[in-house]
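Asks: Sequence and predicted structure are below.
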Amino acid sequence: DTAVSQTPKYLVTQMGNDKSIKCEQNLGHDTMYWYKQDSKKFLKIMFSYNNKELIINETVPNRFSPKSPDKAHLNLHINSLELGDSAVYFCASRGEGFGYGYTFGSGTRLTVV
Amino acid sequence: QKEVEQDPGPLSVPEGAIVSLNCTYSNSAFQYFMWYRQYSRKGPELLMYTYSSGNKEDGRFTAQVDKSSKYISLFIRDSQPSDSATYLCAMKIQGAQKLVFGQGTRLTINP
């Protein structure tokens, strides 16, 4: 059973389109995240939700909108895609308590052409 | 200046060598220190974590934290080709929700 699953794995789309990435975790974790990894492998946080409530919203363009229908799901919708949005997007979840590392999904590779 | 600095490499060593991977950081409030391993086309997976200063050992892996120097290290003994991956350090302030990552070091172990 996959702990954190993201769909789709690959997404190729044209500039200006709107797309969504879905994430689900079956670990019972309360907190979920979206991270963006650029071509240089640099992972940067975008959003975090705790029990469906937004707790982190980094300086991300408002074309990006997360949505958490329940604590096991965190989706990412992107409007008006730009070339610079091309990256790998990782969903992650975290349990409570000291030392509970994040569990990452396998990533969604987004290519905007 | 980034909060966490990590040499991206690439680093290439022969099988059996001892590997040393390092990160420096600027924020003295970081209390939790982690190392993640990321294979190609996969998500990062937690390898080691430590709280505050000190050493932690797990099999062939040893994590060290020197808070006075704002410097953390990961040592891999008897390195194997299966250790070939990108290694990312990550840090967190107590009570904070987000992890701050280094850029990652790409490591290749040659048979």
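Replies: Looks like it came in fine.
Asks: C-alpha from now on. contacts and neighbour counts both.
Replies: OK.
Asks: For chain B, which segments count as helices?
Replies: Using DSSP state H, the helices of chain B do not appear at all; there are none.
Asks: what about it, any weak spots by pLDDT?
Replies: Within chain B, no stretch has pLDDT under 70.
Asks: where does it come near chain A, residue by residue?
Replies: B:32, B:34, B:41-46, B:49-51, B:97-104 (Cα under 8 Å from any Cα of the partner chain).
Asks: please redo it, this time with the cut-off set to 7 Å
Replies: Residues of chain B lying close to chain A (Cα under 7 Å from any Cα of the partner chain) are B:Lys42, B:Gly43, B:Pro44, B:Glu45, B:Leu46, B:Tyr49, B:Phe101, B:Gly102, B:Gln103, B:Gly104.
Asks: Mark which of those residues are part of strands, please.
Replies: Members of these lying in strands (criterion: DSSP state E): B:Glu45, B:Leu46, B:Tyr49, B:Phe101.
Asks: Format the residues you listed as TSV; extra columns: neighbour count.
Replies: Listed next are those as TSV, based on neighbours: other Cα atoms under 10 Å in any protein chain shown:
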residue	neighbour count
B:Glu45	19
B:Leu46	20
B:Tyr49	23
B:Phe101	26
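Asks: Would you mind listing what in chain A touches chain B?
Replies: Residues of chain A lying near chain B by Cα under 7 Å from any Cα: A:Lys41, A:Phe42, A:Leu43, A:Gly99, A:Gly101, A:Thr103, A:Phe104, A:Gly105, A:Ser106, A:Gly107.
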